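S.K.: this one's sequence-less:
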Ligand SMILES: Nc1nc2c(ncn2[C@@H]2O[C@H](COP(=O)(O)OP(=O)(O)OP(=O)(O)O)[C@@H](O)[C@H]2O)c(=O)[nH]1
Ligand SMILES: [Zn+2]
């Protein structure tokens, strides 16, 4: 099954790869959790659930073993471009570190190159690197900014994330329609003019 392409891809994506020891331990804990919650972990429908959850949680936290800098560097090209590059509406799924419940939404990411560009898909991959961890939306936003800033040495970086938090929808304050927007701006984007061009572009419906 393993070929060269898959190996090099797996260097940072870890697709379908679960740690046996972690899976076994988590499975045990999730089985106990089900019983503590009043379920019967031995009933047919739940027999494989603890193991499924153990794998799902490893998938959803695989960002810990991914390296954003390696991803951005893996398709870094020398190019004299001086205009803003914007990738918008990148869907993201993460989990809040307070309740381990999902938050999800969109990221809009722009940078102004300074001799180096990266593959567009790598920008979207960096979102997953930091989203697939236990997070707060604010830290997710700044970690993405710093990875791009440190790797590409650009003139400016902007990151805006709009997300809905299930911990505010399904429980707690139970607000179904609230959307949280976080942003981080660095370099040229600290100037009003550049920032407002970015804001105009992310709110436009032009594709
Ligand atoms: N700043 C920030 N807060 C978050 C994020 N995700 C969840 N939270 C908040 O984390 C806070 C934790 O507050 P606590 O009072 O300790 O927890 P709680 O009793 O479960 O709070 P409620 O959700 O208000 O019921 C809540 O206000 C959540 O809304 C996030 O990404 N960023
Ligand atoms: Zn939460």
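M.R.: Nice, thanks for sending it over. Fair warning: this is a prediction, and the values are worked out from it, not measured in the lab. Ligands and ions are numbered 1, 2, ... in the order given.
S.K.: number of nearby residues for residue 23?
M.R.: Using other C-beta atoms under 10 Å as the criterion, residue 23 is surrounded by 16 other residues. For every residue, glycine as well, the C-beta is placed using N, CA and C.
S.K.: swap that for residue 171, sorry
M.R.: Neighbours of residue 171 (other C-beta under 10 Å): 10.
S.K.: for residue 82, same thing?
M.R.: Residues near residue 82, counting by other C-beta under 10 Å: 10.
S.K.: Same question for residue 166.
M.R.: 15.
S.K.: ok, now which ones touch it?
M.R.: 101-104 (C-beta atoms under 8 Å, 6 or more residues apart in numbering).
S.K.: Run through the residues that contact the residue in the chain that ligand 2 sits nearest to.
M.R.: Across the chain, the shortest distance to ligand 2 (C-beta to the ion) belongs to residue 167, at 2.9 Å. Residue 167 makes contact with 96, 98-99, 101, 103 under the criterion C-beta under 8 Å, 6+ apart.
S.K.: switch to 7 Å and redo it
M.R.: Taking C-beta atoms under 7 Å, 6 or more residues apart in numbering, we find residue 167 in contact with 96, 98-99, 101.
S.K.: do residue 150 as well
M.R.: Contact analysis of residue 150 by C-beta under 7 Å, 6+ apart lists residue 69.
S.K.: from the middle of its chain, how far away would the one helix or strand it maps to be?
M.R.: Taking DSSP states H and E as the criterion, residue 150 maps to helix 137-152. Mean-position distance between helix 137-152 and its chain equals 11 Å (C-alpha atoms, centre = their mean, to the nearest Å).
S.K.: close to ligand 2, is it?
M.R.: No: on the criterion C-beta under 5 Å from the ion, helix 137-152 is out of touch with ligand 2, staying 10.0 Å away.
S.K.: how far off helix 137-152 does the very next helix or strand once past that helix point, in degrees?
M.R.: Counting by DSSP H and E, the next helix or strand C-terminal to helix 137-152 is strand 156-165. Following axes from the mean of the first three to the mean of the last three C-alpha atoms, to 10 degrees, one obtains 150 degrees for the angle between strand 156-165 and helix 137-152.
S.K.: tell me, how many neighbours does residue 81 end up with?
M.R.: 13.
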